[in-house]
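Undergrad: Provided below for reference: sequence and predicted model.
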Amino acid sequence: MELITSAANRYVKLVRSLKERSWREKRVLYLIEGIHLLEEARQAWIPLEAVLYSPQILAAPRGEQLVAGLQEAGYRCLAVTELRLRQQ
């Protein structure tokens, strides 16, 4: 498990920037949140820049299976605390 510990991490900055419509359109990237949407993206082989997740998701079998499946499929999965994503 790769753990993001810095609010200055490039993926954390990317997530923050994508909260603004202009950045999403400029980069042609979007945010998806939640287990269900990630499961659908995986089943459809949607290309994902990165998957940022809370380590707490691993406590639930469904979350653990999802992260493991995404990693096996070659997606970059990074654990990050919610605090790091919510800081402004």
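TA: Structure's in. What do you need? Numbers count the residues shown, from 1 in each chain.
Undergrad: can you tell me which helix or strand the residue of the chain most remote from its centre belongs to?
TA: When distances to the mean C-alpha position of the chain are computed (C-alpha atoms, centre = their mean), the maximum falls on Ser22, with 19.9 Å. Following DSSP states H and E, one finds Ser22 within helix 21-27.
Undergrad: Put the alpha carbons of that helix into PDB.
TA: Written as PDB, here are the backbone C-alpha positions of helix 21-27 (Å, rounded to 0.1, in the frame of the first residue of the first chain):
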ATOM      1  CA  ARG A  21     -15.300  22.800 -13.600                       C
ATOM      2  CA  SER A  22     -12.700  24.800 -15.600                       C
ATOM      3  CA  TRP A  23      -9.900  22.500 -14.500                       C
ATOM      4  CA  ARG A  24     -11.900  19.400 -15.300                       C
ATOM      5  CA  GLU A  25     -12.600  20.700 -18.800                       C
ATOM      6  CA  LYS A  26      -9.000  21.900 -19.300                       C
ATOM      7  CA  ARG A  27      -7.500  18.500 -18.200                       C
END
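Undergrad: Beyond it, next helix or strand please.
TA: helix 35-43.
Undergrad: Give the other helices and strands that that next one contacts.
TA: helix 61-72 (3 or more C-beta pairs under 8 Å, 6 or more residues apart in numbering; DSSP states H and E). Heads up, the C-betas are built off the backbone N, CA and C, glycines and all.
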